[in-house]
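Peer 1: Provide a 3D model corresponding to the input given below.
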Amino acid sequence: MEYINLGQCGLKVSRLCLGTMNMGSKQWKPWIFDEAQSEPLIRHALENGINFIDLADFYSSGAGEEVVGRVINHIANRDELVLTTKVGYPIGAGMNNQGHSRKHIMESIDASLRRMGTDYVDIYMLHYFDVNTPIEETWAAMNDIVRAGKARYVGVSTMTAWQLAKILWCCERNGYAKPINMQLQLNCAYREEEREMIPFCRDQGLGVSVFSPLARGLLSCDFNSVRNKTDFFTQEMYADAASLNVAQSVSHVAQLRGVPPAQIAQAWVINHPGVDCMLVGADSVQQIDSAIAALNTPLSEDERYELERNYTPCDVINDYTAGKRIARESRPARGLFALDNVEKRNIA
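Peer 2: Prediction:
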């Protein structure tokens, strides 16, 4: 396993981060794993050197934090791990059960710590940018959480570059703890963060951790999986022709390499010069092994072109564009991966 400092701070994390959105309660989503199913995945990740685990209070409406917390406290030394959880999306009932108000943040950190069975989280993150709460209120609360020792660091996720700039300006002006990490969505089928956010994070010294390297399962190329058939977000974000063409290209490259498609899609992400860590949301130990193998899977120029040729600029994926995104078209194949060549190899 490779380890790096996250951004410009002293925190050392594995380049693979275990995502836990699929752990918690099946009452939340049909593809969620319960505690008994989750433990072997967490154990295998830890045994292979992954020390970075990502959670959120939103996952399974809190049950995700409970399940992962119990497993960790049972099989691991908590202080050897880097645990992060997120706040923002609705959990529970009431008008103030969501967003980034001081009230919700302060209540949420305490609730997350109780569910996880720990005194602190290593990184406490905003799940998105709350346009309805002044950033000064939000970040004063985040800073107080760090000062109180309930979080060692703070981070952010899923926002625009100007929103992150506003947070950094607020920190500079008030002497608040700055975010050390930006968690964003990046994969062969979605690359809009390459335009502004990744260069800005590099300039400002934030670490970049990437979720959904498989485009919510699409790039595993298992189109009949429960996740691909039932996850609303997959249909919302990756149902256009260009995304499906990207998946086909991933399959072609994997076929010629003789490796699983997921390994190729993950190799593209983990070898991206703007990426520090890649989240792995695994349904099996074999999927964790695939991500580990991707760490040592260099891609040729032809392979990279094939993976990237279908991509065209698209609308940003965030909370404000749901249901409004425009479908895209792809470019033709060339060279080794031209359609007729692939068909000839399939026939052979």
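Peer 1: before we move on, what SS does the closest residue to residue 249 other than its chain neighbours have?
Peer 2: Excluding the flanking residues, the one nearest residue 249 by C-beta to C-beta, 6 or more residues apart in numbering is residue 306, at 5.0 Å. No exception for glycine: its C-beta is placed from N, CA and C like everyone else's. Here residue 306 is recorded as helix under DSSP: H, G, I helix; E, B strand; the rest coil.
Peer 1: Let me see the ranges of the helices in the stretch 51-200 of the chain.
Peer 2: Along the stretch 51-200 of the chain, the stretches classed as helices by DSSP state H, counting those that start in this stretch are 63-75, 102-116, 135-147, 161-174, 197-204.
Peer 1: Sorry, wrong one. I was asking about the stretch 201-348 of the chain.
Peer 2: Going by DSSP H, counting those that start in this stretch, the stretch 201-348 of the chain shows helices at 226-230, 232-238, 241-257, 261-270, 285-294, 301-308, 339-347.
Peer 1: picking up where we left off before, out of the helices of the stretch 51-200 of the chain, deepest packed?
Peer 2: Highest mean neighbour count among those (mean count of other C-beta atoms under 10 Å): helix 63-75, with a mean of 21.
Peer 1: so how far is that helix from its chain's centroid?
Peer 2: With C-alpha atoms, centre = their mean, to the nearest Å as the basis, helix 63-75 stands 19 Å off its chain's centre.
Peer 1: what angle separates that helix from helix 102-116?
Peer 2: Using axes from the mean of the first three to the mean of the last three C-alpha atoms, to 10 degrees, one finds that helix 63-75 and helix 102-116 are set 40 degrees apart in direction.
Peer 1: Per-residue confidence at the closest residue to residue 103 other than its chain neighbours, what does it come out as?
Peer 2: Once flanking residues are discounted, residue 103 sits nearest to residue 96: 5.4 Å by C-beta to C-beta, 6+ apart. Looking at residue 96, its pLDDT stands at 92.
Peer 1: just use 127 as the starting number from now, easier for me
Peer 2: I'll keep to 127 as the first residue from here, and by that count the last item is residue 222.
Peer 1: Would you reformat the helices of the stretch 327-474 of the chain as a markdown table and include distance to residue 318 and mean neighbour count?
Peer 2: Converted to a markdown table, these look like this (distance: least, C-beta to C-beta, whole Å; neighbours: other C-beta atoms under 10 Å):
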| stretch | distance to residue 318 | mean neighbour count |
| --- | --- | --- |
| helix 352-356 | 22 | 15 |
| helix 358-364 | 11 | 17 |
| helix 367-383 | 13 | 21 |
| helix 387-396 | 14 | 26 |
| helix 411-420 | 22 | 20 |
| helix 427-434 | 14 | 18 |
| helix 465-473 | 27 | 11 |
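Peer 1: Which one, of those, ends up nearest to residue 259?
Peer 2: Smallest distance to residue 259 across the helices of the stretch 327-474 of the chain (C-beta to C-beta): 24.2 Å, for helix 358-364.
Peer 1: on that earlier part again, as CSV, the helices of the stretch 177-326 of the chain with mean pLDDT would be great.
Peer 2: Shown next, in CSV, are those (pLDDT from 0 to 100):
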stretch, mean pLDDT
helix 189-201, 96
helix 228-242, 98
helix 261-273, 98
helix 287-300, 98
helix 323-330, 97
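Peer 1: how close does the residue nearest to residue 383 when sequence neighbours are not counted sit to residue 270?
Peer 2: Using C-beta to C-beta, 6+ apart and skipping residues adjacent in sequence, the residue nearest residue 383 is residue 390, 6.6 Å away. Here residue 390 is placed at a distance of 44 Å from residue 270 (C-beta to C-beta, to the nearest Å).
Peer 1: And residue 425, by the same measure?
Peer 2: Counting by C-beta to C-beta - residue 425 and residue 270 are separated by 45 Å.
Peer 1: again with residue 173
Peer 2: 37 Å.
Peer 1: Next: residue 381.
Peer 2: Going from residue 381 to residue 270 by C-beta to C-beta gives 53 Å.
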